[in-house]
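1. coords below, sequence missing:
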């Protein structure tokens, strides 16, 4: 939250004279996804810890599912009853049509059978909608990884009572673990020397990696004696097994 207070200590602001040399910067996650549950309940299981790597779709957290499962079973039973009623209404309509064709019933009776069949179809569709809603509610009792990444933060524990409207802090924070961002502070004059997609070398941990300009700052971070300063962001690939962390210092070099 207060990382900006440390920036003057972490990296020098790049001026035109320093642009020809390596720019000092630091690492950031490319982006972070804050995850919260969408239903009230009790945490049954937290399957991950901070720093753990996960695959896309992997379970992160599960709430108590008993009530949601019961509602889904009830919705499925309603669908079964509606389907049976619909089949019965269809048979009665077919029989009514046959009797009408033979002149054994009046047109009003056939119309009643048609209306009953239409109502049965509508009831079955409504039951299917309730089943779909119950299925979604059940899915909302779990948090699963939206992509392969690393768990940045965990703020949930087994047995904790969660209210969906009172989650001030996310329960799980996840970031991609195949890319990182190298960020430097530069003046507007230096910023204009770069273009999005431009190749940039990132030196971190004694190794040089190939990266590219990810974005050029639009709004000034703050104003110094040298003038307004902006973010220069460079993205580069990493291996999930590497231990690289935000705030680690790096050097950005133009090939």
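-> Arrived safely. Everything quoted here is computed from the prediction, not taken from an experiment.
2. middle-most residue in this structure, spatially?
-> Ranked by distance to the mean C-alpha position of the chain (CA atoms, centre = their mean), the top residue is residue 146 at 5.1 Å.
3. can you pull the contacts of the closest residue to residue 179 other than its chain neighbours?
-> Nearest residue to residue 179 in three dimensions, chain neighbours excluded: residue 30, at 5.0 Å (CB to CB, 6 or more residues apart in numbering). (C-beta placed from N, C-alpha, C; glycine too.) Residues counted as contacts of residue 30 (CB atoms under 8 Å, 6 or more residues apart in numbering) are 175-176, 179-181, 214, 235.
4. so of these, which ones are in strands?
-> Among the contacts of residue 30, the residues falling in strands (DSSP state E) are 175-176, 179-181, 214, 235.
5. wait, residue 170 sits on residue 154?
-> No - between residue 170 and residue 154 there is no contact under CB atoms under 8 Å: 9.4 Å.
6. now do the end-to-end distance for stretch 235-247.
-> End-to-end distance for stretch 235-247, by CA to CA, to the nearest Å: 15 Å.
7. give me the residues contacting that stretch.
-> Contact partners of stretch 235-247, identified using CB under 8 Å, 6+ apart, comprise 3, 6, 10, 26-30, 53, 148, 150, 177-182, 202, 204-205, 209-212, 214.
8. with stretch 194-205 instead?
-> If you take CB under 8 Å, 6+ apart as the criterion, stretch 194-205 is touched by 22, 27, 182, 208-216, 232, 234, 236, 244, 248-255.
9. one step back: of the contacts of stretch 235-247, grab the buried ones for PyMOL.
-> In PyMOL syntax, the buried subset of those is picked out as below (16 or more other CB atoms under 10 Å):
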select buried, resi 26+27+28+29+30+148+150+177+179+180+181+182+202+204+209+211+214
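10. what is the burial count for residue 184?
-> As a burial measure, residue 184 scores 26 neighbours (other CB atoms under 10 Å).
11. which residues does it contact?
-> When contacts are counted by CB under 8 Å, 6+ apart, residue 184 touches 11, 14, 23-26, 231-232, 234, 252.
12. name the SS class of the residue lying closest to it once chain neighbours are set aside, please.
-> In this structure, residue 184 finds its nearest non-sequential neighbour in residue 25, 3.5 Å apart by CB to CB, 6+ apart. Using DSSP: H, G, I helix; E, B strand; the rest coil, the structure places residue 25 in strand.
13. looks like residue 25 contacts residue 248 (just checking).
-> No - contact criterion CB under 8 Å: residue 25 and residue 248 do not qualify, at 9.9 Å.
14. between the contacts of residue 184, which has the most around it?
-> residue 25 (28 neighbours).
15. in the sheet, which residues pair with that residue? Tell me.
-> Beta-bridge pairing of residue 25 under DSSP bridges involves residue 184, residue 250.
16. and the gap between it and residue 32?
-> From residue 25 across to residue 32, the span is 19 Å (CB to CB, to the nearest Å).
17. okay, now the sheet partners of the helix or strand residue 173 falls within, with direction.
-> Residue 173 is part of strand 172-176, with elements assigned from DSSP states H and E. Partners of strand 172-176 in the sheet, by DSSP bridges, are strand 33-35 (antiparallel), strand 149-154 (antiparallel).
18. nearest to residue 163, of these?
-> Closest approach to residue 163 among the strands paired with strand 172-176 is made by strand 33-35 (15.7 Å; CB to CB).
19. can you name the element that comes right after that closest one?
-> Following strand 33-35 toward the C-terminus (DSSP H and E): strand 41-46.
20. which secondary structure elements does the next helix or strand after that next one contact?
-> Going down the chain from strand 41-46, the next helix or strand is strand 53-54, by DSSP H and E. The elements that strand 53-54 packs onto, with contact taken as 3 or more CB pairs under 8 Å, 6 or more residues apart in numbering; DSSP states H and E, are strand 149-154.
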